[in-house]
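Asks: sequence and predicted model, in that order:
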Amino acid sequence: MIFELMSNGSVVTLPHTARPEGIPEIPGPGVVLLLPYNRYLLGHSFMRNYERWIWGKPGSEPQEVFLYENGPQSLTLDESTRVTLPAEVVARVRAALFSQMLPPGEHLPTVLILRGVLKDHPIFREDGLLQNEPLFLRHIEKDGVLNMTYWAVRFALFRGEFEAVARVKTWLRTAAELFDTHGQAPKVWFSLTPLPGGKELAEMEALSFSVDDLQRMVSQSALPVVLFSKAGYLVLSDFGSSGGALFRVWVFLSAPLWNELRERRKLSIRDLVISVWGYGDAQEALVERARYAPPSWTLTPAVVAR
């Protein structure tokens with residue numbers, strides 16, 4: 001796909017024939033963004049679907065750059081000249097690259113972990129099915145819990161986030177299928193500061209928890225802390241250590257969910273928090289999976305933008 005950054009900060013899509021000479025031809029998924037001052041930005045997939053971005057002047061040696069979607073990004077040409085990419089542009093070109101890439105991660109390590117946790121699930125009784133990745137993925141699309149769990153574990157293993165795998169296991173062990181069947185789904189938020197940010201704070205206030213309520217929770221000498229409102233229960237817990245990254249985790253559960261987990265299933269507060277957190281990891285994995293090419297996608301050396 002080929003795009004061009006306009007002077008007003010917008011992006012237009014160009015035909016494949018508009019690719020200038022001197023820009024590297026890299027087989028497989030790729031995105032080119034033409035920039036002012038005769039520069040370009042090129043993104044491509046390498047080493048089993050990692051993203052890689054390079055930029056420079058056609059015909060010259062490019063430089064590697066890392067793109068982040070949390071704000072605008074500047075590419076410095078010299079001491080007095082730079083090209084700024086708005087956050088929307090960064091998000092668009094990354095999305096264009098991901099949409100051509102197969103999702104990262106390894107299939108077999110993922111299913112082996114899932115089989116250890118979900119050994120009673122019928123899909124794990126057929127070794128031939130487990131080893132056939134395309135067929136296995138078609139089967140799990142019909143099973144909401146298994147589908148989101150598969151991608152959560154696969155992405156976590158790919159990133160080396162073994163704590164996320166443990167959280168997903170806790171959710172499966174304690175509340176699999178529960179959160180989608182007991183009315184309002186649980187919510188989870190994170191904060192490095194005593195109180196959460198503006199968006200998270202607004203969501204909590206919408207659930208009938210005021211800023212004063214949250215400040216009283218934060219002021220407690222020991223965590224976790226639980227607060228009840230007419231909407232349900234809010235739990236504040238902390239993770240990490242004084243020598244590491246200490247952060248707060250806020251979890252909301254409706255009254256029926258709280259009663260099921262605490263009264264009937266006898267979960268500790270910490271397991272309850274980790275279970276909801278694992279469920280949140282699984283939900284985010286589905287969003288991440290949607291960024292990549294569908295299972296039927298076949299990679300081709302040349303991709304034309306339309």
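Replies: Yep, that arrived. Numbering: from 1, shown residues only.
Asks: what's the longest helix in this protein?
Replies: The longest helix of the chain (DSSP state H) is helix 269-289.
Asks: for this structure, which segments count as helices?
Replies: Ranges of helices in the chain, per DSSP H, are 87-98, 107-117, 127-131, 133-140, 144-159, 162-175, 198-206, 211-218, 255-258, 269-289.
Asks: those: which one's closest to L41?
Replies: L41 sits nearest to helix 87-98 of all the helices of the chain, at 7.1 Å, using C-beta to C-beta. Backbone N, C-alpha and C define where each C-beta goes, glycine included.
Asks: picking that back up, worst mean pLDDT among the helices of the chain?
Replies: Per-stretch mean pLDDT for these is lowest at helix 127-131 (a mean of 88).
Asks: what does it contact?
Replies: Here helix 127-131 makes contact (C-beta atoms under 8 Å, 6 or more residues apart in numbering) with 108, 111, 115, 123-124, 135-136, 139.
Asks: out of the residues you listed, which comes closest to E200?
Replies: Closest approach to E200 among those (C-beta to C-beta): V111, at 34.7 Å.
Asks: could you pull up the residues touching that closest one?
Replies: Residues near V111 by C-beta under 8 Å, 6+ apart: 124, 130, 136, 150.
Asks: list the contacts of D281.
Replies: Neighbouring residues of D281 by C-beta under 8 Å, 6+ apart: 152, 156, 164, 167-168, 171.
Asks: swap in 7 Å and give it another go.
Replies: 152, 164, 167-168 (C-beta atoms under 7 Å, 6 or more residues apart in numbering).
Asks: farthest pair within those?
Replies: For these, the maximum inter-member distance is 8.7 Å, found between A152 and R167 (C-beta to C-beta).
Asks: I'd guessed L14 sits against I2; true?
Replies: Yes. Judged on C-beta atoms under 7 Å, L14 makes contact with I2 at a distance of 4.4 Å.
Asks: can you tell me which of the helices of the chain is nearest to I23?
Replies: helix 87-98 (14.4 Å).
Asks: other residues contacting the closest one?
Replies: 1, 3, 5, 11, 29, 31, 33, 43, 51, 67, 69, 71-73, 291-292.
Asks: quick one: buried ones out of those residues?
Replies: Those of those that meet the buried threshold are 1, 3, 5, 11, 29, 31, 33, 43, 51, 67, 73, 292, by 16 or more other C-beta atoms under 10 Å.
Asks: so what's the fourth one up against?
Replies: It stands for V11. Counted by C-beta under 7 Å, 6+ apart, V11 has contacts 3-5, 89, 92.
Asks: could you dump the residues you listed to JSON lines with distance to M217?
Replies: Listed next are the contacts of V11 as JSON lines, based on distance: C-beta to C-beta, whole Å:
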{"residue": "F3", "distance to M217": "47"}
{"residue": "E4", "distance to M217": "50"}
{"residue": "L5", "distance to M217": "46"}
{"residue": "V89", "distance to M217": "40"}
{"residue": "R92", "distance to M217": "39"}
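Asks: so which of the helices of the chain is nearest Q184?
Replies: Taking C-beta to C-beta, helix 255-258 is the member of the helices of the chain nearest to Q184, at 7.5 Å.
Asks: CA atoms of that closest one as CSV?
Replies: Below are the C-alpha coordinates for helix 255-258, written out as CSV (Å, rounded to 0.1, in the frame of the first residue of the first chain):
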residue,chain,number,x,y,z
ALA,A,255,-23.8,-7.4,42.5
PRO,A,256,-24.8,-10.7,40.9
LEU,A,257,-21.2,-11.3,39.7
TRP,A,258,-19.8,-10.4,43.1
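Asks: and it, what does it pack onto?
Replies: Secondary-structure packing of helix 255-258 (3 or more C-beta pairs under 7 Å, 6 or more residues apart in numbering; DSSP states H and E): strand 232-239.
Asks: one more time with 6 Å
Replies: The contact analysis (3 or more C-beta pairs under 6 Å, 6 or more residues apart in numbering; DSSP states H and E) places helix 255-258 against no helix or strand.
Asks: dump the contacts of V111 to JSON lines, plus distance to A18.
Replies: Below are the contacts of V111 laid out as JSON lines (distance: C-beta to C-beta, whole Å):
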{"residue": "F124", "distance to A18": "50"}
{"residue": "L130", "distance to A18": "45"}
{"residue": "F136", "distance to A18": "40"}
{"residue": "Y150", "distance to A18": "40"}
